[in-house]
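**Student:** The sequence isn't on hand, but the structure is:
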């Protein structure tokens, strides 16, 4: 006899079993030896369980009816099972009602709120945004960093990308929380240390704030510097430190490879150039990893200045005012960065010697009060500008005379310049003259300046070591483009920041320097050698924080308010 399911069919009516209840075990012993085993009800969605029946005593050829077929009905037993099931159901309902009524209110409230929290949690999970953004901060080369000139910064530039973490020289310089906070107002001093020129110039204190550690990080990101550029600066300064002579000076001749012949050496100029590279990174005789190197260098260089302020005493006659310009820039920067009083009087003497040597034509060249050329004049203008920004006295008339000289020799309405009056237009002289024009007051949108910068930063004039290698031109062009900012700087910097570090020597004794002859010969290699080429390359890679661009809004706001920094 096959077993049956008492909930399958009663008098032709189908009644499903109550959810979650086990079907009762029914034995049809009065009707035969078959012993069905009723299984518990399946989970929702599962097929009904099969009923196992032992077929004992059935005629040959007769098989027990499968569970899925119409069941065998045994009315009496089925009715009894139904009644028993109904009684159990009623008992369960009565118990549930009694339990609910007897439960304390706090328990009911807790259960309700728990249910609400579960529902809200499921809703929140279902509402999560599957489009997660993953940021990849693996180090990449400069040209892969995207538009680095639009990062968030105190200057108000907005952006979404982040620059690489720069590599900085080990330093004890303090972090600067807000490198562009409004500086204090300069009070007039009776000792005559206040600048008297009516040509507006930014404070050297503010300009040099970028060399401090906290500001470096901000300015590198703001103006497109990378870990690649800053690591090259650190390696270059290490090379300079290794090649400092025992007396504290540096030489254009050696002790490295690729120096100039001994007869063309100029240790005074070489020492000033090395000190400018250290100071451009924020290193002084008072602070920084290279403090001992800078202190020894200045101890030696200060001893080379005479009572008139002149630093040059022997060597090729055409070196005098290049040397004077370099030493005066370095000395005024040091005083502006540290306000060390022992360097103030030396800086004033150096500036006075420059002013007294200006030619009637308005510029400077090889001898005091002689003729003029753009090359020497550019270095002296930068020296006077550094003095003025450091708070030293520079009468306005000297700048006006420089303007007249540049006006006289200018070509194409002032957008291009030769070396001297009547000469051919040169890219290097144009870059140098336009930097002077920027400091002398030309507006950023001056058509003459714009036309000249367009030429300087045109694709054929970008940094290229395979042809027309000229670090002198690149040094001045880098400064001009940096001051202009915008598309001019993006165009120039996109190439400069990648190519210049790539050409730095990576291994061996000269690691950290730039070879003046490889991969091609630099135009100025015979005159300055490895140290000269290395220092100008370092100035280029320090440009991001060496001076703040003079057309930035922060400069114009400070100039309008009459504020400077550090008295």
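**Tutor:** Ah, there it is. Predicted model, so just to flag it, every value in this text is computed and none were measured. Numbers count the residues shown, from 1 in each chain.
**Student:** Residue 321 contacts residue 379, doesn't it?
**Tutor:** Yes: using Cβ atoms under 8 Å, residue 321 is in contact with residue 379, at 7.2 Å. Any C-beta I mention is one placed from the backbone N, CA and C, and that applies to glycine too.
**Student:** between these two, who's got more neighbours?
**Tutor:** residue 321 (28 against 19; other Cβ atoms under 10 Å).
**Student:** Would you agree that one falls within a helix?
**Tutor:** Yes: assessed by DSSP: H, G, I helix; E, B strand; the rest coil, residue 321 belongs to a helix.
**Student:** Residue 110 and residue 122: what is the separation?
**Tutor:** The spacing between residue 110 and residue 122, counted by Cβ to Cβ, to the nearest Å, is 19 Å.
**Student:** where are the low-confidence patches of this protein?
**Tutor:** Applying pLDDT under 70 to the chain picks out residues 1-103, 124-214, 553-567.
**Student:** let's see 90
**Tutor:** Of all residues in the chain, those with pLDDT under 90 make up the ranges 1-223, 287-288, 314-318, 337, 388-391, 422, 467-468, 545-567.
**Student:** Show me it divided up by domain.
**Tutor:** Annotated domains of the chain cover 1-56+70-103, 199-561 [automatic domain parsing].
**Student:** want to throw the ones you listed into JSON lines with distance to residue 118?
**Tutor:** Converted to JSON lines, these look like this (distance: least, Cβ to Cβ, whole Å):
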{"stretch": "domain 1-56+70-103", "distance to residue 118": "20"}
{"stretch": "domain 199-561", "distance to residue 118": "47"}
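**Student:** Out of those domains, which is the most enclosed?
**Tutor:** Mean neighbour count, computed with mean count of other Cβ atoms under 10 Å, is highest for domain 199-561 among those, reaching a mean of 20.
**Student:** Thought residue 251 was touching residue 245, still the case?
**Tutor:** Yes: with contact defined as Cβ under 8 Å, residue 245 reaches residue 251; the gap is 6.4 Å.
**Student:** Relative to residue 114, which of the domains of the chain is closest?
**Tutor:** Evaluated over the domains of the chain, closeness to residue 114 peaks at domain 1-56+70-103, with 14.1 Å, by Cβ to Cβ.
**Student:** phi, psi of the nearest residue to residue 286 once chain neighbours are set aside?
**Tutor:** Distance criterion Cβ to Cβ, 6 or more residues apart in numbering; nearest residue to residue 286, sequence neighbours excluded, is residue 338 at 5.5 Å. Phi and psi for residue 338, reported as degrees, to the nearest 10, are phi -110, psi -20.
**Student:** Tell me how far residue 338 lies from residue 298.
**Tutor:** The gap separating residue 338 from residue 298 is 11 Å, by Cβ to Cβ.
**Student:** repeat for residue 386
**Tutor:** 16 Å.
**Student:** can you check residue 417 too?
**Tutor:** Distance, residue 417 to residue 298, by Cβ to Cβ: 34 Å.
**Student:** Skipping its backbone neighbours, what lies nearest residue 369 in space?
**Tutor:** The shortest distance from residue 369 to any non-neighbouring residue, by Cβ to Cβ, 6+ apart, is to residue 359 (5.5 Å).
**Student:** no no, residue 476
**Tutor:** The shortest distance from residue 476 to any non-neighbouring residue, by Cβ to Cβ, 6+ apart, is to residue 431 (3.8 Å).
**Student:** ok, that neighbour - contacts?
**Tutor:** Shown in contact with residue 431 (Cβ atoms under 8 Å, 6 or more residues apart in numbering): 456, 473, 476, 477, 480.
**Student:** Now the two most distant members of those residues.
**Tutor:** Using Cβ to Cβ, those reach their maximum pairwise distance at 473 and 480, which is 10.6 Å.
**Student:** circling back: which of the three states applies to the residue nearest to residue 369?
**Tutor:** Using three-state DSSP, the structure places residue 359 in coil.
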